[in-house]
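Asker: Got a sequence here, can you build the structure:
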Amino acid sequence: MPEIFFVLVVFTIVIALIFDFGNGINDAANAIATVVATRALPLWGAVLLAAVGNFAGVFIFGVAVATTVAKGLVDPSIVTVYVILGGLIGAIFWVYFASFKGIPVSASHSLLGGFIGAALVKGGVSSLKLGGIAKIVAFIVVAPVLGMVGGFLFFVLIMWIFRKANPIKINKWFRKLQLISASSYAVTHGANDAQQVMGIIALLLFSTGFLGGEFFIPLWVILASYTAIALGTLIGGWRVIKTMGMKLTKLRPVHGFCAETAGSIVVGFVSIIGIPVSTTHVIAGSITGVGATRRLSAVRWSLARNIVWAWVLTIPAAAIVSGASYFAISLFI
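Answerer: Coordinates of the predicted model:
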């Protein structure tokens, strides 16, 4: 195998891990926005908690999501190192741009949009597995709705159970319980989001012959992907945290606990069945659902609308940049 090709594969893996790092930066808000907003933990403590939780996902969940990304979206026969590199360029552009602007977008959908866009330019519509893509697109709507309904119902249940308790004591209890709920959401976030990069790297290795004739996820790929997203989370993402935890609605510890618990149940379930979803969508829906239990006006719907628009634009924006990137790369192949 030519040395230059080996270097190109290594370079593409590094780019994938850089994307994974950016995923952690943007999605740090998913697990810790509520604990920061309710002052259950200081920012540095919350970020550390989320980073550890992200990494812990490797020991709890399987690789169903990674397998879906690698095999369920694009015909593996048209995948080359250049397709994956082009896809990563578009994904990285959108995630880092959104993080700089403080927009809580889906890093997951950025990656998938980038992968699809590059594959579309390389092999046309016939190279896409439309059934798998349709499932992911459907969950752009389904995931936040599940989070919203779950957050709303769980908060109503908690309030009914503790209806006779002193509100001050309730917040004191749930400030401590938030450490558990934030940890569980961090674990499921790492399980779903890091697996997507695992799938891309494993597909790269398989398509270039480094895995032999059988597709599998090497252990070092699993550890590298989880480490990158955990380090990104450790860096934080204050602009996104502020948007999710402080601007969308006013949160108290009991609200944060309910939003995180409902969100972790949804993300854990879809991770087990192998559906790559946006953990940003889920937690934003959960926070909105909890906020709506007080009154609909308690949610800043104008901000929520802007966030939804960013979600809608993520896949096509990443796909367009990636498609253009692959086309530019193909001129030199």
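Asker: any idea which element the closest residue to Leu111 other than its chain neighbours lies in?
Answerer: The shortest distance from Leu111 to any residue other than its chain neighbours is 4.5 Å, reached at Ala91 (Cβ to Cβ, 6 or more residues apart in numbering). No exception for glycine: its C-beta is placed from N, CA and C like everyone else's. Element membership of Ala91 [criterion: DSSP states H and E] is helix 81-101.
Asker: After the strand or helix carrying Leu111, which helix or strand is next?
Answerer: Here Leu111 sits within helix 107-123, counting by DSSP H and E. Helices and strands here follow DSSP H and E; after helix 107-123, the next one along the chain is helix 130-161.
Asker: Gly285 sits in which helix or strand?
Answerer: Per DSSP H and E: helix 279-292 holds Gly285.
Asker: swap that for Ile4, please
Answerer: Take DSSP H and E as the rule and Ile4 turns out to sit in helix 3-37.
Asker: quick one: average pLDDT of that helix?
Answerer: For helix 3-37, mean pLDDT rounds to 81.
Asker: sorry, back to before: can you pull the contacts of the residue nearest to Leu111?
Answerer: Counting by Cβ atoms under 8 Å, 6 or more residues apart in numbering, Ala91 makes contact with 19, 107, 110-111, 113-115, 318, 322.
Asker: at 10 Å instead, please
Answerer: Neighbouring residues of Ala91 by Cβ atoms under 10 Å, 6 or more residues apart in numbering: 15-16, 19, 22-23, 107-115, 117-118, 196-197, 200, 314, 318-319, 321-322.
Asker: Repeat that for Val121.
Answerer: 83, 86, 127, 319, 322-327, 329-330.
Asker: and what of Met148?
Answerer: 259, 262, 281-282, 284-292.
Asker: give me that answer again for 8 Å
Answerer: Met148 makes contact with 285-286, 288-289, 292, according to Cβ under 8 Å, 6+ apart.
Asker: What I need now is those residues written out in TSV, including neighbour count, distance to Lys101 and pLDDT for each item.
Answerer: Shown next, in TSV, are those (neighbours: other Cβ atoms under 10 Å; distance: Cβ to Cβ, whole Å; pLDDT from 0 to 100):
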residue	neighbour count	distance to Lys101	pLDDT
Gly285	27	21	82
Ser286	35	23	85
Thr288	23	20	80
Gly289	29	25	83
Ala292	18	26	72
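Asker: Using CSV, lay out the residues you listed together with distance to Phe139.
Answerer: What follows is these, written out as CSV (distance: Cβ to Cβ, whole Å):
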residue, distance to Phe139
Gly285, 11
Ser286, 15
Thr288, 17
Gly289, 17
Ala292, 21
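Asker: What is the helix holding Gly285 packed up against?
Answerer: helix 3-37, helix 130-161, helix 167-207, helix 253-272, helix 301-330 (3 or more Cβ pairs under 8 Å, 6 or more residues apart in numbering; DSSP states H and E).
Asker: The second one: which residues count as buried?
Answerer: What it means is helix 130-161. For helix 130-161, the neighbour count (16 or more other Cβ atoms under 10 Å) marks 132-133, 135-136, 139-140, 142-144, 146-148, 150-152, 154-155, 158 as buried.
Asker: to the chain's geometric centre, what's the distance from it?
Answerer: Distance of helix 130-161 from the chain centroid (Cα atoms, centre = their mean, to the nearest Å) equals 15 Å.
Asker: Offset the numbering so it begins at 669, please.
Answerer: With the count now opening at 669, the last piece we talked about shows up as helix 798-829.
Asker: Quick one: mean pLDDT for that helix?
Answerer: What helix 798-829 shows for mean pLDDT is 87.
Asker: can you state the direction angle for that helix and helix 969-998?
Answerer: Helix 798-829 runs at 150 degrees relative to helix 969-998, counting by axes from the mean of the first three to the mean of the last three Cα atoms, to 10 degrees.
Asker: Helix 798-829 versus helix 835-875: what angle between them?
Answerer: Calculated by the same axes, to 10 degrees, helix 798-829 forms an angle of 160 degrees with helix 835-875.
Asker: deepest of the helices and strands packed on helix 947-960, which one?
Answerer: Neighbour counts (mean count of other Cβ atoms under 10 Å) averaged over each of the helices and strands packed on helix 947-960 peak at helix 921-940, with a mean of 26.
Asker: Return the per-residue confidence for the nearest residue to Ser852 once chain neighbours are set aside.
Answerer: Excluding the flanking residues, the one nearest Ser852 by Cβ to Cβ, 6+ apart is Ser932, at 4.1 Å. Turning to Ser932, the model gives it a pLDDT of 91.
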